[in-house]
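Student: What follows is a predicted protein model with its sequence.
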Amino acid sequence: MGCTSFAFPNKVGPPSYSALDVGQSDVPRLTTEQSNMLRRIQHYVHSPSLRFAFIENDYFVIFDARNGPCLAVGGYRILNSLNGVYEPGDNPFTTHGASADNVPTPGPWMNPHELPSPSHR
């Protein structure tokens, strides 16, 4: 499901997919690294609204879309990032860092060697 947004009202953003649909024919195939990360997150985050998307030159983001896949205001914490936020209903083409007073602690699923590059932290 791709979202239109406030920033780009006439353009549909990249689609996001339910984590529950991995393996279906209409869902992109994940790399071993991506699949492992998603499974580790699912071990800790038991949510039917867990989703993933490929944005910004195929940057893989996992987020819990508990308020719908196209939420604008506030966005969602990127679970496979140190402090990234994804706002699919505001700007589905990019991410941004959490505000300095609201930086989350990385989840227990984050391994030091799998942390995203500094530009996506």
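Tutor: Done, it's in. Numbers count the residues shown, from 1 in each chain.

Student: and residue 38, that's in a strand?
Tutor: No. Residue 38: not assigned to a strand; according to DSSP: H, G, I helix; E, B strand; the rest coil it is helix.

Student: gap between it and residue 80?
Tutor: Residue 38 sits 8 Å away from residue 80, going by Cβ to Cβ, to the nearest Å. All C-beta spots, glycine's among them, are computed from the backbone N, C-alpha and C.

Student: Check residue 13 too.
Tutor: For residue 13 relative to residue 80 (Cβ to Cβ), the value is 19 Å.

Student: just residue 65 next, same as before
Tutor: Taking Cβ to Cβ, one finds residue 65 at 14 Å from residue 80.

Student: Kindly report the same for residue 57.
Tutor: Taking Cβ to Cβ as the measure, residue 57 falls 16 Å from residue 80.

Student: Which residues are in contact with residue 53?
Tutor: When contacts are counted by Cβ atoms under 8 Å, 6 or more residues apart in numbering, residue 53 touches 14-17, 60-61, 63, 86, 88, 92.

Student: Repeat the analysis, applying 7 Å as the threshold.
Tutor: 14-16, 61 (Cβ atoms under 7 Å, 6 or more residues apart in numbering).

Student: Then residue 38?
Tutor: Neighbour list for residue 38: 19, 22, 30, 52, 62 [criterion: Cβ under 7 Å, 6+ apart].

Student: Report the contact partners of the second one.
Tutor: Going back to what we said before, that points to residue 22. Taking Cβ under 7 Å, 6+ apart, we find residue 22 in contact with 30, 38.

Student: do residue 23 as well
Tutor: Contacts of residue 23 by Cβ under 7 Å, 6+ apart: none found.

Student: got it, and residue 96?
Tutor: For residue 96, the contacting residues are residue 85, by Cβ under 7 Å, 6+ apart.

Student: now with 8 Å?
Tutor: In this structure, residue 96 makes contact with 84-85, 87, judged by Cβ under 8 Å, 6+ apart.

Student: ranges for the helices of the chain?
Tutor: 32-44 (DSSP state H).

Student: all strands of it, in order?
Tutor: Listed in chain order, the strands found in the chain under DSSP state E are 16-18, 50-55, 59-64, 76-77, 84-86, 95-97.
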